[in-house]
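Novice: how does the following fold in three dimensions:
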Amino acid sequence: MTTVLPPPPDGAREGTRDPSDSEATEASSAQEETIRLEAELFRRRRRKTRLRRLRPWLLGLVGVALVAGGVWLVGFSPYLRAERVSVSGIQVLRAAQVQSAAAVPNQPLARVDLDQIRARVAKLAPVKSVEVSRSWPHTVKIAIIERTPVAVLQRESAFVAMDATGLPFRTYAARPPRLPLIADAASADRAARKEAARVLGSLSAPLLSRVAQLEVTSIDGITLAMRNGQRVVWGTAADSEVKAEVLDILIKQPNVKVIDVSVPGRPTTRR
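Specialist: Prediction:
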């Protein structure tokens, strides 16, 4: 007896697929892609969050590295060392003298002690004032104002220049013709010579050029001997500016041999 089986359904025939299975597969693939994309987005957001949290620390580390590098470069590296000394404003002094006195150390320019250099240079007698500064990358600049001589003292065969404060600061082999000579007596001490220098420092340039010498016997015994033979009794250095103004008027009178401005409110003249 032979049994005849019914034909299989159309969807079950060999080489055919149920449409519902294909749709389910596509939906599953789409869901998996969505999950993958969401996971990728999550990972990216997490990385960004971590970077935002780390950014201040990273910036801080970069800042510290830059500062440390700058400190090393300026303060400790061999690239910004003091290698040259520039000197300006000198006439009496020589650059080599100033450089020797300055004794600038061979070290990073930022660590050079400018105050110590200034103090060493200021000890040079011709220096009235001095300024010291850095000039990057390798130079120490020394700007000097020298003392101005107002008179000379004769000491044996040399002549010693004095400024308006009475400080001797240089020597001449011969007397400079433009500078008056301070003729100090044996009784004149250092204070008296200092007062004499103050007197000369109070005179205008035209008056000073007319002084041949200044005679000092004591602190209150100062007399000017003028180049034309006139004598000016000055007394002490007190009120020297007023005395100079009075002298500037009286010296223009003719045939006056002696002018006494020791009391500037009551000056006298003798012919």
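Novice: so residue 100 sits in a helix?
Specialist: Yes: according to DSSP: H, G, I helix; E, B strand; the rest coil, residue 100 belongs to a helix.
Novice: counting neighbours, what do you get for it?
Specialist: Neighbours of residue 100 under the rule other Cβ atoms under 10 Å: 13. Any C-beta I mention is one placed from the backbone N, CA and C, and that applies to glycine too.
Novice: the stretch 51-200 of the chain: helices as residue ranges?
Specialist: 95-102, 114-122, 190-202 (DSSP state H, counting those that start in this stretch).
Novice: can you pull the buried residues of the first one?
Specialist: Going back to what we said before, that points to helix 95-102. Within helix 95-102, the residues that count as buried by 16 or more other Cβ atoms under 10 Å are 98, 99, 101, 102.
Novice: can you pull the contacts of the second one?
Specialist: Which is residue 99. When contacts are counted by Cβ atoms under 8 Å, 6 or more residues apart in numbering, residue 99 touches 85, 87.
Novice: what of the first one?
Specialist: The neighbours of residue 98, taking Cβ under 8 Å, 6+ apart as the test, are 85, 87, 90, 121, 124, 142, 144.
Novice: residue contacts, the last one?
Specialist: Contacts for residue 144 were tallied using Cβ under 8 Å, 6+ apart; they are 87, 88, 89, 90, 93, 98, 121, 127, 129, 130.
Novice: now with 7 Å?
Specialist: 87, 89, 90, 93, 98, 127, 130 (Cβ atoms under 7 Å, 6 or more residues apart in numbering).
Novice: repeat that for residue 83.
Specialist: Contact analysis of residue 83 by Cβ under 7 Å, 6+ apart lists residue 138.
Novice: tell me how far it lies from residue 112.
Specialist: 11 Å (Cβ to Cβ, to the nearest Å).
Novice: show me the strands in the stretch 1-150 of the chain, by range?
Specialist: Applying DSSP state E, counting those that start in this stretch to the stretch 1-150 of the chain gives strands spanning 84-88, 127-135, 139-146.
Novice: wait, which of those strands is closest to residue 270?
Specialist: strand 127-135 (39.1 Å; Cβ to Cβ).
Novice: surely residue 120 and residue 101 touch.
Specialist: Yes: in this structure residue 120 lies within contact range of residue 101 using Cβ atoms under 7 Å: 5.3 Å.
Novice: kindly export stretch 107-115 (C-alpha atoms) in CSV.
Specialist: In CSV, the C-alpha atoms belonging to stretch 107-115 read as follows (Å, rounded to 0.1, in the frame of the first residue of the first chain):
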residue,chain,number,x,y,z
GLN,A,107,77.5,83.8,36.4
PRO,A,108,73.9,83.9,35.1
LEU,A,109,73.0,87.6,34.5
ALA,A,110,69.8,87.3,36.6
ARG,A,111,71.8,86.3,39.6
VAL,A,112,74.4,89.1,39.4
ASP,A,113,74.2,91.3,42.5
LEU,A,114,73.9,94.8,41.1
ASP,A,115,74.0,96.5,44.5
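Novice: kind regards, and thank you for your time.
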